[in-house]
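Engineer: Let's see this in three dimensions:
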Amino acid sequence: MQCRKLRWFAWISGALLTTGLALGCGGKSETQAAVPSSAPGADVPTPAAPARSEEFQLLHNGLLIDGLGGEPIDDGAILIRGQRIAAVSKLADIDLPEDVAVKKTDLRGAAILPGFVDTHVHLLLSGDVDVEEILGTDYAFKVLLAAKHAETSVGAGVTTVRDLLGAPYGLKQAIDSGVVAGPRIQLSISALGPTGGHSDFTLRGSGWDLATLAACPEMPRLVDGADEARKGARALMRAGAGVIKAMATGGTTTPNDDPNFVGLDLDELRAVVKEARNQQVPVAVHAQGLRGVENAIKAGVSSIEHGYGLANSPGAIGAMLDKGIYLVPTLSTAHVSMEGWSEFKRRKRAPLTELQTKSTKHAIRAGVKIAMGTDAGVGPPHGQNLRELQYLVEAGMTPMQAIQAGTKEGAELLGWQEDVGTLEKGKYADIVIAKGNPVEDITLLGNPENILVVIKGGKVVKDRR
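Structural biologist: Residues are numbered from 1 along each chain as shown. You can find the predicted model right below:
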């Protein structure tokens, strides 16, 4: 009997693999899109799909801002071959291929920029997180809404995002395979935090755990002690995480902590960083209060998210400089109305706004590496990502520096600088065509209506000219 069961199981398994039923085991039917894959330890941006029928495209007569920090180039042009950039310069300096059709587009003086990189988003979320939203929304609906948020984001000029909790691996697969439109995604899948900290949504009194009740597999994972932190990091990388997110302090959205409380301690953070480095995966740390910021710096993380405690700590800023740690200030969260927020969230958030601006100003002045990140989905809505550039300028950056924070620096933080972030030969043709001159008026980019054309991997995903 046992042998017959084994033979029956083997027959079913073979049939499923042959017909390609959707069990995620490698087979695909004729109508199922091929899904690109990449090992978490070698996280790289996936080629866009499908390929264009016209192999060569020429964008010309534009104001070229390549993301490298130099002066904009009048009469700039980009030659695209397939998914990648074949040449970028003044039109007169580009040699067009002979005996090959080239589709030419006159940009009539519009700005040509690299596709933007938002290094802190939550595509699965839609604003302030409250009990009714968590418990009253089916998970499948949330995922479909996340796909809509992805489409909105790429339409606003954001061709790459780092999702730091929420978006499932399947969303990345759907975008990479061309099933839905959206940016390239580096995923954290979930986040690691301590019991009672910024990952814990257990309500006092009732003891209800909102994360469990929401039946959302990408909600934060609770880990206590270095061994659990290490195991949690391994589990996330196994699930496809290209970045690990860890909670070094409390936050505003969870009920039992405070932004100044320490979350994962130094030993726990070091365990996460060590494990992630074994697979060449970066670590992004939610750190608001100073003690958590200092622990994150000592642990050697890749980036500090928020970093409010830097406002009163020149020593911490100096340590970030020494270790090359990025700050992702998420200034957009300071410009979100708290109307309708629960009392405990308003109470915790109110004193942070001034600290947030102050810490960013100090970091910019000192020369800390800054990458654009908005926290879209928790505070600011998806599609308004590039308003963050204006806030960076208000904090002390030049418009060109802010553009680089949203392109070149973001790509370097993700480790994807060989493929995206600047307009250079050989990189993916991720390109934004915008109205006006953003070096003269950075606010232009914050209005999605001024984003005329978005190209991702040589494929036009938006054209409103």
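Engineer: who touches Leu96 in this structure?
Structural biologist: Phe56, Leu58, Leu79, Val102 (C-beta atoms under 8 Å, 6 or more residues apart in numbering). (Glycine included, C-beta is placed from N, CA and C.)
Engineer: Considering the residues you listed, which possesses the most neighbours?
Structural biologist: Highest neighbour count within these, by other C-beta atoms under 10 Å: Leu79, with 23 neighbours.
Engineer: from the middle of its chain, how far away would the helix or strand containing it be?
Structural biologist: If you go by DSSP states H and E, Leu79 is part of strand 73-81. Centroid displacement of strand 73-81 relative to its chain, using C-alpha atoms, centre = their mean, to the nearest Å, is 27 Å.
Engineer: how much does the helix or strand following that strand deviate in direction from strand 73-81?
Structural biologist: Sequence-wise, the next helix or strand downstream of strand 73-81 (DSSP H and E) is strand 84-90. Orientation check (axes from the mean of the first three to the mean of the last three C-alpha atoms, to 10 degrees): strand 84-90 against strand 73-81 gives 160 degrees.
Engineer: contacts for strand 84-90?
Structural biologist: 56, 64, 66, 73-80, 94-95, 423-429, 458.
Engineer: filter the residues you listed to the buried ones?
Structural biologist: Neighbour counting with 16 or more other C-beta atoms under 10 Å marks 56, 64, 66, 73, 75-80, 94, 423, 427-429, 458 as buried within these.
Engineer: From those, pick the one nearest Gly240.
Structural biologist: Taking C-beta to C-beta as the measure, Gly240 lies nearest Tyr428 of these, at 20.7 Å.
Engineer: which regions of the chain lie under the pLDDT threshold?
Structural biologist: 1-42, 48-54, 128-135, 201-219, 254-255, 337-346, 348-350 (pLDDT under 70).
Engineer: what's the residue closest to the geometric middle of it?
Structural biologist: Taking C-alpha atoms, centre = their mean, the centroid of the chain lies closest to Arg162, which sits 1.7 Å from it.
Engineer: Show me what it is bridged to.
Structural biologist: Gln186 (DSSP bridges).
Engineer: gap between it and Arg184?
Structural biologist: Relative to Arg184, Arg162 is positioned 10 Å away (criterion: C-beta to C-beta, to the nearest Å).
Engineer: Overlap in contacts, the two.
Structural biologist: Shared contacts of Arg162 and Arg184 (C-beta under 8 Å, 6+ apart): none.
Engineer: in stretch 457-465, what's buried?
Structural biologist: Buried, per 16+ other C-beta under 10 Å, within stretch 457-465: Gly457, Gly458, Lys459, Val461, Lys462.
Engineer: Alpha carbons of that stretch, as CSV, please.
Structural biologist: The C-alpha trace of stretch 457-465 is given here as CSV (Å, rounded to 0.1, in the frame of the first residue of the first chain):
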residue,chain,number,x,y,z
GLY,A,457,14.3,48.9,-19.6
GLY,A,458,13.8,50.5,-23.0
LYS,A,459,10.0,50.1,-22.8
VAL,A,460,7.7,53.1,-22.5
VAL,A,461,5.4,52.6,-19.5
LYS,A,462,4.0,56.1,-19.5
ASP,A,463,3.6,58.7,-22.3
ARG,A,464,1.4,61.8,-21.7
ARG,A,465,2.9,64.2,-24.2
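Engineer: quick check, distance from that stretch to the centre of its chain.
Structural biologist: 20 Å.
Engineer: which other residues reach it?
Structural biologist: With C-beta under 8 Å, 6+ apart as the criterion, stretch 457-465 contacts 47-52, 57, 80-84, 154-155, 181, 428-430, 433, 449, 451-455.
Engineer: Mind giving me the PyMOL select for those, buried ones only?
Structural biologist: To isolate the buried members of the contacts of stretch 457-465 in PyMOL, using 16+ other C-beta under 10 Å:
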select buried, resi 47+48+49+52+57+80+81+82+83+84+154+155+181+428+429+430+433+451+452+453+454+455
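Engineer: can you tell me which of the contacts of stretch 457-465 are in strands?
Structural biologist: If you go by DSSP state E, the contacts of stretch 457-465 have Gln57, Ile80, Arg81, Arg84, Ile433, Ile451, Leu452, Val453, Val454, Ile455 in strands.
Engineer: Which two of these have the greatest separation?
Structural biologist: Applying C-beta to C-beta across the ones in strands among the contacts of stretch 457-465, the maximum distance is between Arg81 and Ile451, 24.0 Å.
Engineer: Quick check: of the contacts of Leu96, which lies closest to Glu409?
Structural biologist: Leu79 (25.8 Å).
Engineer: from the ones in strands among the contacts of stretch 457-465, which single one is nearest Ala276?
Structural biologist: The nearest one, if we look at these relative to Ala276 and count by C-beta to C-beta, is Arg84, at 29.4 Å.
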